[in-house]
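Undergrad: Pasted the sequence and its predicted model underneath.
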Amino acid sequence: MLDIKLIRENPEMIREKLSSRSGNVERLLDTLLEADEKRRRNLAEAEQLKCQRNIASEEIGRRKKQGSSADDLLKEMKETSEKIKNLDGALREIEDTIKAAILLIPNIPQDTVPTGKNEQDNVEVKKWGNPCEMAFEPKPHWDVGEALGILDFERAAKITGARFCLYKGAGARLERALINFMLDLHTKKHGYQEILPPFMVNSASMTGTGQLPKFEEDLFKCNGTDYYLIPTAEVPVTNIHRDEIIDGRNLPLYYTAYTPCFRAEAGSYGKDTRGLIRQHQFNKVELVKFVKPENSYDELERLLENAEEVLKLLEIPYRVIVLCTGDLGFSASKTYDIEVWLPGLGCYKEISSCSNFEDYQARRANIRFRETPEAKPSFVHTLNGSGLAVGRTLVAILENYQQADGSVAVPEVLQNYMDGMKSITSA
RNA sequence: GGCGGGAUGGCAGAGUGGUUUAAUGCGGCGGUCUUGAAAACCGUUGACGGGGUAACCUGUCCGUAGGUUCGACUCCUACUCCCGCCGCCA
């Protein structure tokens, strides 16, 4: 969330900066500013009465000890207490209003983020590798996978429903190989600590990273509990340090986690209905960083490089785009998307999203650090990115490494993770 | 699922209605002593909000949320988490 003081002192600047984002927050800002004003007036009054009460109560104690009468004070304080109770009640309501409003206001885009309306206005910043010319008509991954007997969408639909997939044999093995390859790369070469978090989290965690309260419909909730299936490892991993003050000497902290991710995909009916692109459950290896504010944009570039490295080693062409203000996610200040080339579908497709949230999540989740043991705590900056979405990486391999005979070559770096298998052929 | 015990500052741990402004110890920070360090001794010590140019004033916080009271760490209610025992179970 944004700093209420910043909003209070620069309301027009905030309005201006949020105006190019999707969604209209004008009304929310008005509600917020009005409630904040009311809160401070109310608070001053309540505090003055409390101060009087504290002094009088002490006096009552003293008199009772001496055995003298305190009836006059007692009577007066009964009234004061009643007033305080009313003021506190009103204050609570005002604070609820403030909280509800401020949690619905998105982050401010960073200055280098291009202004734009939607994904049309995103800007390509780099391109790596050349989509290779194939001597045959490349097939979409679902045809490749089903022909090889390694992907089974029909049975997954029977077992569960639409947007699920059953991986078999070399398919299941390839998915597991990718997970291990990515985790090894990030832990051994890039210095991230491996985490295996809970796959369900409570509503406080979901609020901390920004999924709640606004995006509840995108989540799967476990009936009768306060638990939700995670839509990304970002949620449990960022919340590792919720309500903590980190020793500044331990920063930056780098974590990587493999988890399945669960998304309701409400409102995406009819979109990417075939294949593995849009599933209710998919695997992802996530990268999460906790850093000092002054380093966060440098850290974002390196996070992006760490994610790109996976595709470079797999030798799959991709491009990087920077999201414009209109396409930016709710909690992010700046986001790069990595899009991988898919010859079967004939397009680039998002495979990773790397974002700097600055102190937006840190405020919501109350994650702070101390520069030195004596220093006042301040908010960390949080970042995260996919490193990578595993299902879509498998898609990229099936489509980019498919051969004329229907087999799929195994990328060299994965062969050791596949017992030396060089090619996936139909059984 | 049933029964019992617990949750207090960075940590350990006192405190069962009124100078608690949370004892004491450890740790941290500053100092004395020392060539330097250790030990010893002395001092100091949190978070968040409101007001103020500032010094400063003030409120809240003892798991969380309510309640009783002039006054709550202390009493009442609900909830959460941790520990133990019984049952069930991968």
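TA: Structure's in. What do you need?
Undergrad: if I pick A:Leu253, what's in contact with it?
TA: Counting by CB atoms under 8 Å, 6 or more residues apart in numbering, A:Leu253 touches A:193, A:241, A:246, A:289-291. All C-beta spots, glycine's among them, are computed from the backbone N, C-alpha and C.
Undergrad: give me the subset of the residues you listed touching RNA strand B.
TA: The subset of the contacts of A:Leu253 within reach of RNA strand B, by CB under 7 Å from any atom of the strand, is empty.
Undergrad: and the nearest residue to A:Gly267 once chain neighbours are set aside, which of the three is it?
TA: With sequence-adjacent residues excluded and distances taken as CB to CB, 6 or more residues apart in numbering, A:Gly267 is closest to A:Glu217, at 7.8 Å. For A:Glu217, the assignment made with DSSP: H, G, I helix; E, B strand; the rest coil gives helix.
Undergrad: how much space is there between A:Glu217 and A:Ser407?
TA: Applying CB to CB, to the nearest Å, the value for A:Glu217 to A:Ser407 is 42 Å.
Undergrad: ok, the two, which is more surrounded?
TA: Between A:Glu217 and A:Ser407, counting by other CB atoms under 10 Å, A:Ser407 is the more crowded of the two (17 against 9).
Undergrad: okay, now the nearest residue to A:Leu18 once chain neighbours are set aside: neighbour count?
TA: Among residues not flanking A:Leu18 along the chain, A:Val25 sits closest, at 5.3 Å (CB to CB, 6+ apart). When neighbours are counted by other CB under 10 Å, A:Val25 registers 17.
Undergrad: now A:Lys127
TA: 14.
Undergrad: Just checking: what are the partner strands of the helix or strand where it lies?
TA: Per DSSP states H and E: A:Lys127 is located in strand A:123-128. Sheet partners assigned to strand A:123-128 using DSSP bridges are listed as strand A:318-322 (antiparallel).
Undergrad: The strand it pairs with: how far from the chain's middle?
TA: 19 Å (CA atoms, centre = their mean, to the nearest Å).
Undergrad: what do you get for stretch A:53-66?
TA: Distance, centroid of stretch A:53-66 to centroid of chain: 53 Å (CA atoms, centre = their mean).
Undergrad: Is it in proximity to RNA strand B?
TA: Yes - legend: contact between stretch A:53-66 and RNA strand B by CB under 7 Å from any atom of the strand is shown at A:53-54, A:56-58, A:60-61, A:64-65.
Undergrad: Give me the mean pLDDT for that stretch.
TA: Summarised as a single mean, pLDDT over stretch A:53-66 is 85.
Undergrad: where does chain A have low pLDDT?
TA: Residue ranges of chain A with pLDDT under 70: A:427.
Undergrad: Alongside RNA strand B, which residues does it contribute?
TA: Counting by CB under 7 Å from any atom of the strand, chain A sits next to RNA strand B at A:4-5, A:40, A:43-44, A:46-48, A:50-51, A:53-54, A:56-58, A:60-61, A:64-65, A:74, A:77-78, A:80-81, A:85, A:89, A:92, A:368, A:373-374, A:376-377.
Undergrad: just checking, A:Leu104 touches A:Gly210?
TA: No - counting by CB atoms under 8 Å, A:Leu104 stays clear of A:Gly210, with 10.3 Å between them.
Undergrad: Which of these two has more residues huddled nearby?
TA: A:Gly210 (25 against 16).
Undergrad: so what's that one up against?
TA: A:330-331, A:360-361, A:364.
Undergrad: could you check the distance from it over to RNA strand B?
TA: 20 Å (CB to the nearest atom of the strand, to the nearest Å).
Undergrad: State the phi and psi torsions of the residue nearest to A:Leu18.
TA: Main-chain torsions, A:Val25, degrees, to the nearest 10: phi -110, psi 10.
Undergrad: How far off centre is the helix with the most length in chain A?
TA: The residue-count maximum for a helix in chain A (DSSP state H) belongs to helix A:26-66. Taking CA atoms, centre = their mean, one finds helix A:26-66 lying 37 Å from the centre of the chain it belongs to.
Undergrad: Which strands or helices does the helix or strand just after that helix pack on?
TA: Proceeding N to C from helix A:26-66, the next assigned helix or strand is helix A:71-102, under DSSP H and E. On a contact count with 3 or more CB pairs under 8 Å, 6 or more residues apart in numbering; DSSP states H and E, helix A:71-102 meets helix A:26-66.
Undergrad: between the helix it packs on and helix A:71-102, how big is the angle?
TA: Here the directions of helix A:26-66 and helix A:71-102 differ by 160 degrees (axes from the mean of the first three to the mean of the last three CA atoms, to 10 degrees).
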